[in-house]
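K.L.:
model this:
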Amino acid sequence: MKKSSTLADAASWYCAVALLGLILMGSIRASSVSDEAVRGSQLLNRPCDEIYVVGEGESLHTISDKCGDPFIIERNPHIHDPDDVFPGLVIKIIPSSGRKL
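P.N.:
Sure, this is the predicted structure:
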C-alpha cells in the first residue's frame, strides 16, 4: 500500500513539472511575438474592412483616399466634426474593390 502511494505521488509530481514546463514554454513563445506599433508606411498595408479603426496619423481624408469611400461622414453619424478624428475611433466604411496604395 505504501509503495503504490509513493508511486502515485511521484507520478503526480512528474505531471506537475511537465505541465509547468509546457506553460512556461507557451508563455515564452507568446511573448516573443512582436508587439511593435504600426507606424509610417505600415498604415498603408492595413485592410479596408467595413469596420475600420483609425490609426495614428490618419485623417478621414487619407482613409477616404486609401479605401475609395468618399461618404465616410454620411455613414458615421457619431462623427460630428470631421477634423476631430483620433486613433482608436471606430468608423464604418464601404471599401471599393480597387483601393489605392
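K.L.:
for Gly71, which non-adjacent residue is closest in space?
P.N.:
Not Gly; residue 71 is Phe. Sequence neighbours aside, Ile94 is the residue nearest to Phe71 in space, at 7.4 Å (criterion: CB to CB, 6 or more residues apart in numbering). In this view, the C-beta of every residue, glycine as well, is placed from N, C-alpha and C.
K.L.:
that neighbour contacts Cys48, doesn't it?
P.N.:
No - counting by CB atoms under 8 Å, Ile94 stays clear of Cys48, with 9.2 Å between them.
K.L.:
higher neighbour count, these two?
P.N.:
Neighbour count, other CB atoms under 10 Å: between Ile94 and Cys48, Cys48 has more, with 16 against 12.
K.L.:
A strand includes the more buried one, no?
P.N.:
No - secondary structure of Cys48 (DSSP: H, G, I helix; E, B strand; the rest coil): coil, not part of a strand.
K.L.:
helix or strand with the lowest mean pLDDT in the chain?
P.N.:
Lowest on mean pLDDT, DSSP states H and E among the helices and strands of the chain sits helix 2-31, with a mean of 80.
K.L.:
that helix: what's the following helix or strand?
P.N.:
Sequence order places strand 51-53 as the next helix or strand after helix 2-31, per DSSP states H and E.
K.L.:
adjacent strands (with direction) for that following strand?
P.N.:
strand 90-92 (antiparallel) (DSSP bridges).
K.L.:
and the strand it pairs with, average pLDDT?
P.N.:
Averaged over strand 90-92, pLDDT sits at 92.
K.L.:
shouldn't Glu50 be in contact with Ile91?
P.N.:
No - judged on CB under 8 Å, Glu50 makes no contact with Ile91 at a distance of 9.8 Å.
K.L.:
neighbour count winner among those two?
P.N.:
The residue with more neighbours, out of Glu50 and Ile91, is Ile91; 19 against 10, by other CB under 10 Å.
K.L.:
picking that back up, packing partners of the least confident helix or strand of the chain?
P.N.:
Contact partners of helix 2-31 among helices and strands, from 3 or more CB pairs under 8 Å, 6 or more residues apart in numbering; DSSP states H and E: none.
K.L.:
got the contact list for the residue nearest to Phe71?
P.N.:
50, 69, 71, 75 (CB atoms under 8 Å, 6 or more residues apart in numbering).
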